[in-house]
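>>> turn this into a model:
(2 chains)
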Amino acid sequence: MALDRETVRRIAYLARIRVPEEALDGLAGELSNIIGWIEQLEEVDTTGVEPMTSVVAMEAPKRDDVVTDGNYPERVLANAPGADDEYFAVPKVVE
Amino acid sequence: MAKLTELTIADAADGLANKDFSALELTQAYIDSFDAARDLNVFITETPDLAIEQAKASDERRSKGDTAGTMDGIPIANKDLFCTEGVLTTAASHILDGFKPTYESTVSGNLKAAGAVMVGKTNLDEFAMGSATVTSYYGPTKNPWRGSNNLDLVPGGSSGGSAAAVAAQMCLGATGTDTGGSIRQPASFCGIVGMKPTYGRCSRWGVIAFASSLDQPGTFTRTVKDTAIMLQTMAGHDPKDSTSAPFELPDFTAALSGDIRGLKIGIPKEYRIDSMPEAIEKLWQQGIDWVKDAGAEIVDVSLPLTKYALPVYYIIAPAEASSNLARYDGVRFGLRVPGESLDEMYENTRGEGFGDEVLRRILIGTYALSAGYYDAYYLKAQQVRKLIAEEFNQVFENVDALLTPTAPSAAFAIGEKMDDPIAMYLNDVFTVPSSLAGLPGISVPAGLDDNNLPLGMQIIGKAFDEETVLRVAGVVESQGNFTAKPSFLAGGAS
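Below you'll find the model as predicted:
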């Protein structure tokens, strides 16, 4: 299926990535080529096949639902581009 | 005696044990070689001060008779995808500008605890997305091997910096990660040994995630024995990674018996593709003869779904990447590009922070997971993936390992295949299928092509049977007796 520039604009918005207007057509062409190539998978009969969910046959491990880590806000915030006291700082969200 | 930069891990460990040289002398020899090699652009960050401190600590332990094991005092490099405490970690992306983790990945931590000396963090394709180490924000890495026309060649990718560092003798071993071939293909391009163990063998904790159901840490070394030594230190169960396998580690070095008599080696006919150069076809036949001469039985096998592995991969890996890379939002770490609103800040940060290939893959993944397309693309890909894994399982009922070429070509020039993403993806045609199935694989240098560039043979094994993979690899290594060296060696040729 071919992707048009509007589709690219929409998925770029869903992914929260600014894509300049002038790049949309080029990307639409590239992504259409890749998706077109991927569509050869339609040739494979997958009727009744369970999709793969685990790479190695292994039960997911379980542990008690308790706190095992934490209490070091300074380490959590050490790489934040904006921090205030013990919080991440972001542009104003609520007026 | 050989120059210190020419040793193997096994030789260097003996030399350290015999007090022929100190860890500091060994480390200094490697660090001193970096100046001459700067043009290769192997490292994003060199860590000479840390290395010297670690080497001194290693010597101190040894003087007290208290060494931490075979890797104690051995200079290694880490792919800059492993989080290293207090040391810049970038994933070769602009979006991780200035990121210094406050924690250490389990794999690099295991090496550190075993006394290995880290000399630097190596270059890679941005977020490990690529097959040539050309999409790094920090510029491409050059292969120490040069073509007959003297063009700069790619080292393969995504772990190209690690592969080039080991090939150019700038360290004794290096870590890598392999999602669809990112260890095996660069090892083949650089004429060294590269191993991706079974999915689950090495912890992914603290490794910057690309595609979580495929990513697996592994090794670059100059010999198969060194691979066994290094893997022994890196691997093992880690409760912090829920997909880490809770199994005891076998003794990998002990697996290198050299005896493959009676083993059944499968030769999958679908790996003989039309566009394959004659030199690779010839080398493959030679490899078959080597294992046959060593007493193995050759079995022709068929894996008919092989050709669908790449399209499956290019849905699953971008889908997982689009989800994993959602965390780069300009809030918690790395780059922030301001905006009027929170949404605008996200968009500006991610628009500026991600390179072209990462953008393409996030968009493909977002599309494949979006409402109305999920069943047609993602679910379909996971179904075909299941069939591919079952196909391998069936073949492994009758054979112990598979022998194939590692890549469909030798190293190509920097700049080639850049305008055609699909041509670039085809580099991984022989490595992606086993990645989808989570199986262990190794690339062993086996010969040279018509331009005197190295070519690797791949051995694929059953899940958690690295021992057979290593045993067969050891035989291919000794029968092939590959001694060619790249035209550039950082420490100079002896």
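>>> contacts only, for residue B:477.
Neighbour list for residue B:477: B:193, B:223, B:224, B:444, B:445 [criterion: CB atoms under 8 Å, 6 or more residues apart in numbering or on different chains]. For glycine as for every other residue, the C-beta is placed from the backbone atoms N, C-alpha and C.
>>> nearest to residue A:81 among these?
Taking CB to CB as the measure, residue A:81 lies nearest residue B:193 of the contacts of residue B:477, at 40.8 Å.
>>> the closest one is in contact with residue B:227, isn't it?
Yes: Residue B:193 is within contact range of residue B:227, at 5.3 Å (criterion: CB atoms under 8 Å).
>>> the two: which is more packed in?
residue B:227 (33 against 30; other CB atoms under 10 Å in any protein chain shown).
>>> and the worst-scoring helix or strand of chain B on mean pLDDT, anywhere near chain A?
Sorting the helices and strands of chain B by mean pLDDT, DSSP states H and E puts helix B:421-425 at the bottom, at a mean of 87. Yes: using CB under 8 Å from any CB of the partner chain, helix B:421-425 reaches chain A at B:421, B:422.
>>> wait, what's in contact with the residue nearest to residue B:416 when sequence neighbours are not counted?
Sequence neighbours aside, residue B:154 is the residue nearest to residue B:416 in space, at 7.8 Å (criterion: CB to CB, 6 or more residues apart in numbering or on different chains). Counting by CB under 8 Å, 6+ apart, residue B:154 touches B:132-134, B:140-143, B:160, B:189, B:411-414, B:416.
>>> and residue B:161, by the same measure?
Taking CB under 8 Å, 6+ apart, one finds B:41-44, B:77, B:79-80, B:122-124, B:133, B:141, B:155 in contact with residue B:161.
>>> same check, this time on residue B:281
Contacts of residue B:281 (CB under 8 Å, 6+ apart): residue B:272.
>>> just the CA coordinates for the helix or strand hosting it, please, in PDB.
Per DSSP states H and E, residue B:281 falls inside helix B:278-293. What follows is helix B:278-293, C-alpha atoms only, in PDB (Å, rounded to 0.1, in the frame of the first residue of the first chain):
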ATOM      1  CA  GLU B 278      31.600 -16.500  -6.700                       C
ATOM      2  CA  ALA B 279      34.300 -16.100  -4.000                       C
ATOM      3  CA  ILE B 280      31.700 -16.500  -1.300                       C
ATOM      4  CA  GLU B 281      30.200 -19.600  -3.000                       C
ATOM      5  CA  LYS B 282      33.700 -21.100  -3.300                       C
ATOM      6  CA  LEU B 283      34.600 -20.300   0.300                       C
ATOM      7  CA  TRP B 284      31.400 -21.900   1.500                       C
ATOM      8  CA  GLN B 285      32.300 -25.100  -0.400                       C
ATOM      9  CA  GLN B 286      35.700 -25.000   1.200                       C
ATOM     10  CA  GLY B 287      34.200 -24.600   4.600                       C
ATOM     11  CA  ILE B 288      32.000 -27.600   3.900                       C
ATOM     12  CA  ASP B 289      35.100 -29.600   2.900                       C
ATOM     13  CA  TRP B 290      36.900 -28.500   6.100                       C
ATOM     14  CA  VAL B 291      34.200 -29.800   8.500                       C
ATOM     15  CA  LYS B 292      33.900 -33.000   6.400                       C
ATOM     16  CA  ASP B 293      37.600 -33.600   6.600                       C
END
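>>> need the pLDDT of the residue sitting furthest away from the middle of chain A.
Residue farthest from the centre of chain A, counting by CA atoms, centre = their mean, is residue A:85 at 29.6 Å. We have a pLDDT of 90 for residue A:85.
>>> got the phi and psi for it?
phi 60, psi -120 (degrees, to the nearest 10).
>>> please tell me how far it sits from residue A:72.
Look at residue A:85 and residue A:72: by CB to CB, to the nearest Å, they are 15 Å apart.
>>> ditto for residue B:277
Residue B:277 is 55 Å from residue A:72, by CB to CB.
>>> neighbour count winner among these two?
residue B:277 (15 against 10).
>>> show me the contacts for the more buried one.
Counted by CB under 8 Å, 6+ apart, residue B:277 has contacts B:408, B:409, B:410, B:449.
>>> nearest to chain A, of those residues?
residue B:408 (16.6 Å; CB to the nearest CB).
>>> which helix or strand contains the closest one?
Going by DSSP H and E, residue B:408 is not part of any helix or strand.
>>> pretty sure it is touching residue B:429, no?
Yes: judged on CB under 8 Å, residue B:408 makes contact with residue B:429 at a distance of 5.7 Å.
>>> residues shared between the contacts of the two?
residue B:273.
>>> between these two, who's got more neighbours?
Comparing residue B:408 with residue B:429 by neighbour count (other CB under 10 Å), the higher total belongs to residue B:429, at 23 against 17.
>>> phi, psi of the more buried one?
phi -60, psi -30.
>>> kindly report the same for residue B:460.
phi -110, psi 140.
>>> that one reaches residue B:401, doesn't it?
Yes: Residue B:460 is within contact range of residue B:401, at 6.5 Å (criterion: CB under 8 Å).
>>> low-confidence regions, the chain specifically.
Unless you meant another one, I'm taking chain A. A:1 (pLDDT under 70).
>>> my bad, chain B
Where chain B drops to pLDDT under 70, the residues are B:1, B:494.
>>> could you give the bridge partners of residue B:445?
residue B:456 (DSSP bridges).
>>> now do the contacts for it.
Here residue B:445 is in contact with B:187, B:188, B:191, B:192, B:193, B:454, B:455, B:456, B:477, B:480, B:482, B:484 (CB under 8 Å, 6+ apart).
>>> which residues touch residue 52?
Answering for chain A, as no chain was given. Contacts of residue A:52 (CB under 8 Å, 6+ apart): B:382, B:383, B:385, B:386, B:389.
>>> the chain in question should be chain B.
B:24, B:27, B:28, B:31.
>>> which of the residues you listed lies closest to residue B:243?
Taking CB to CB as the measure, residue B:243 lies nearest residue B:27 of these, at 34.2 Å.
>>> element containing the closest one, please.
Assigned by DSSP H and E, residue B:27 falls in helix B:23-33.
>>> CA atoms only: put that helix into PDB for me.
C-alpha atoms of helix B:23-33 as PDB (Å, rounded to 0.1, in the frame of the first residue of the first chain):
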ATOM      1  CA  ALA B  23      48.200  -4.800  33.100                       C
ATOM      2  CA  LEU B  24      49.400  -1.200  33.100                       C
ATOM      3  CA  GLU B  25      52.000  -1.900  30.400                       C
ATOM      4  CA  LEU B  26      49.500  -3.900  28.300                       C
ATOM      5  CA  THR B  27      46.900  -1.100  28.600                       C
ATOM      6  CA  GLN B  28      49.400   1.600  27.900                       C
ATOM      7  CA  ALA B  29      50.400  -0.200  24.700                       C
ATOM      8  CA  TYR B  30      46.800  -0.100  23.400                       C
ATOM      9  CA  ILE B  31      46.200   3.500  24.500                       C
ATOM     10  CA  ASP B  32      49.400   4.600  22.800                       C
ATOM     11  CA  SER B  33      48.100   3.100  19.500                       C
END
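>>> buried residues in it?
Neighbour counts over helix B:23-33 (16 or more other CB atoms under 10 Å in any protein chain shown) mark B:23, B:24, B:26, B:27, B:28, B:29, B:30, B:31, B:33 as buried.
>>> what would those residues look like in CSV with distance to residue B:88?
As requested, the buried residues of helix B:23-33 are exported to CSV (distance: CB to CB, whole Å):
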residue, distance to residue B:88
B:23, 24
B:24, 24
B:26, 25
B:27, 20
B:28, 23
B:29, 24
B:30, 20
B:31, 18
B:33, 22
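>>> neighbour-wise, which of the contacts of residue B:445 leads?
Neighbour max across the contacts of residue B:445 (other CB under 10 Å) = residue B:187, 38 neighbours.
>>> now that one. Nearest residue, chain neighbours left out?
residue B:194 (2.6 Å).
>>> surely that neighbour touches residue B:160?
No: if you go by CB under 8 Å, residue B:194 and residue B:160 don't touch, sitting 11.1 Å apart.
>>> so which residues of the stretch 151-300 of chain B form strands?
In the stretch 151-300 of chain B, the strands defined using DSSP state E, counting those that start in this stretch lie at B:173-178, B:193-196, B:216-221, B:264-268, B:297-301.
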